[in-house]
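1. A predicted structure for the sequence below; I have some questions about it.
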Amino acid sequence: MTKRPVDPRWFEELRTGQLRDSLVWLAPLRTHVDSLVSFGCCSSEPFALMWTLDAVEGEVVELKKENLRKPKEDLARLKQSSLVATSPLLGCMDGRSVHFIVEDMSELKEEQLRSDCCDLAYCEEVLYFMWDKGAKFQKSINQMARVVKPGGWVIACEGKIRDPYPGGDLIDISQYFLAAGLEKVSLKGAPESCGCYEKPNRPSNPSLETTVQ
């Protein structure tokens, strides 16, 4: 499929410009990600991810229906602008799609989001709020691993998670991603707070400058 160029003016209007600036480190994945799943929805974050990665398919999984009101309104505006665009540059949603799923990410079913359906599963400050919820933490990570294609990426930007008890130690959550069958890798330029993982069987691609750890 030939994708129309993404015109920054529409995304700036949706106030994703500053958000996108914080995601530019994902640019090395741009030619390798056509489809993505964003777990948790922070306003226009899904659009900023799609803009950064030039993805054509986006799925958004969010627990609270009310958090999707603004993103849905933004999507409607983008679709309308693409329909009436007189310049190809303005038809930024032509051939692209975004879908919203209201569900606890740990309870996703195959019929809601099929296995091996995307190139990237991404979350930011979502797992952080699940640490004290027992098995839900691992189940949520298992879901991220499930929906990614073999060779795909799972990226979690979660900052520092501490044991909830007073004076608790920092928790290395990478062990939970490894338990989900993923391999930890390093992606050049990734913030320290972001854990990057691959689902096994991705062909070697030195241009991404990744290293299995």
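-> Thanks, I have it.

2. so where is the chain shaky, pLDDT-wise?
-> Regions of the chain meeting the criterion pLDDT under 70 cover residues 1-21, 42, 82-92, 94, 164-168, 202-213.

3. can you pull out the strands in it?
-> In order along the chain, the chain carries the following strands (DSSP state E): 35-39, 57-62, 97-102, 118-124, 148-157, 183-187, 194-198, 210-212.

4. Return the most buried member of those strands.
-> Comparing these by mean neighbour count (mean count of other C-beta atoms under 10 Å), strand 35-39 ranks first with a mean of 26. For the C-beta atoms, the positions are set from N, CA and C on the backbone; glycine is no exception.

5. if I pick Trp153, what's in contact with it?
-> For Trp153, the contacting residues are Leu29, Val33, Asp119, Leu120, Ala121, Cys196, Tyr197, Glu198, Lys199, taking C-beta atoms under 8 Å, 6 or more residues apart in numbering as the criterion.

6. Using a markdown table, lay out these together with distance to Lys72.
-> Supplementary listing: the contacts of Trp153 in a markdown table, determined by distance: C-beta to C-beta, whole Å:
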| residue | distance to Lys72 |
| --- | --- |
| Leu29 | 26 |
| Val33 | 23 |
| Asp119 | 24 |
| Leu120 | 22 |
| Ala121 | 21 |
| Cys196 | 30 |
| Tyr197 | 30 |
| Glu198 | 32 |
| Lys199 | 30 |
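
7. out of those residues, who's nearest Val60?
-> Nearest to Val60 among the contacts of Trp153, counting by C-beta to C-beta, is Ala121 at 11.7 Å.

8. To what extent is the residue nearest to that closest one when sequence neighbours are not counted buried, counted in neighbours?
-> Of all residues beyond its chain neighbours, the one nearest Ala121 is Met144 (4.2 Å), with distances taken as C-beta to C-beta, 6 or more residues apart in numbering. Using other C-beta atoms under 10 Å as the criterion, Met144 is surrounded by 29 other residues.

9. I am finished for the moment; much appreciated.
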